[in-house]
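K.L.:
just to be clear, the model below is a prediction. Sequence and coordinates:
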Amino acid sequence: MTITTLSGRELNQDLGRAKRAAKDGPVIITDRGRPAHVLLSFEEYRRLTGKMRTLGDMLAAPGAQDIDLPLPARVERAKPVDLS
């Protein structure tokens, strides 16, 4: 798999190149030098989305350990329980 990186300007100037590159792997599209979007072939998109049905499937996928998953702070508080 080949990963191609194109600027937004390069994408606009040569969409055909981006589409051809997407057949060989993901195309990262940058905005002001930072990754902003990813272009995939439809087959690759279906492969990625077709198998993962649950959050557990996604977390168990290869490479998931590298994903930063920011979780909001918990705001609920436990209430006392009357056991009498």
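P.N.:
That came in fine, so what should we check first?
K.L.:
quick check: phi and psi at residue 59.
P.N.:
Main-chain torsions, residue 59, degrees, to the nearest 10: phi -70, psi -20.
K.L.:
that one - how many residues pack around it?
P.N.:
By the criterion of other C-beta atoms under 10 Å, residue 59 has 12 neighbours. No exception for glycine: its C-beta is placed from N, CA and C like everyone else's.
K.L.:
separation between it and residue 69?
P.N.:
8 Å (C-beta to C-beta, to the nearest Å).
K.L.:
now residue 47
P.N.:
Computed as C-beta to C-beta, the residue 47 to residue 69 distance reads 22 Å.
K.L.:
looking at those two, which one has more neighbours?
P.N.:
A direct count of neighbours by other C-beta under 10 Å for residue 47 and residue 69 places residue 47 higher, at 12 against 8.
K.L.:
low-confidence regions, the protein specifically.
P.N.:
51-53 (pLDDT under 70).
K.L.:
again, only using 80
P.N.:
For the chain, the stretches with pLDDT under 80 are 49-69.
K.L.:
from the chain's centroid, how far away is the longest helix along the chain?
P.N.:
Longest helix in the chain by number of residues (criterion: DSSP state H): helix 42-51. Here helix 42-51 is found 12 Å from its chain centre; the criterion is C-alpha atoms, centre = their mean, to the nearest Å.
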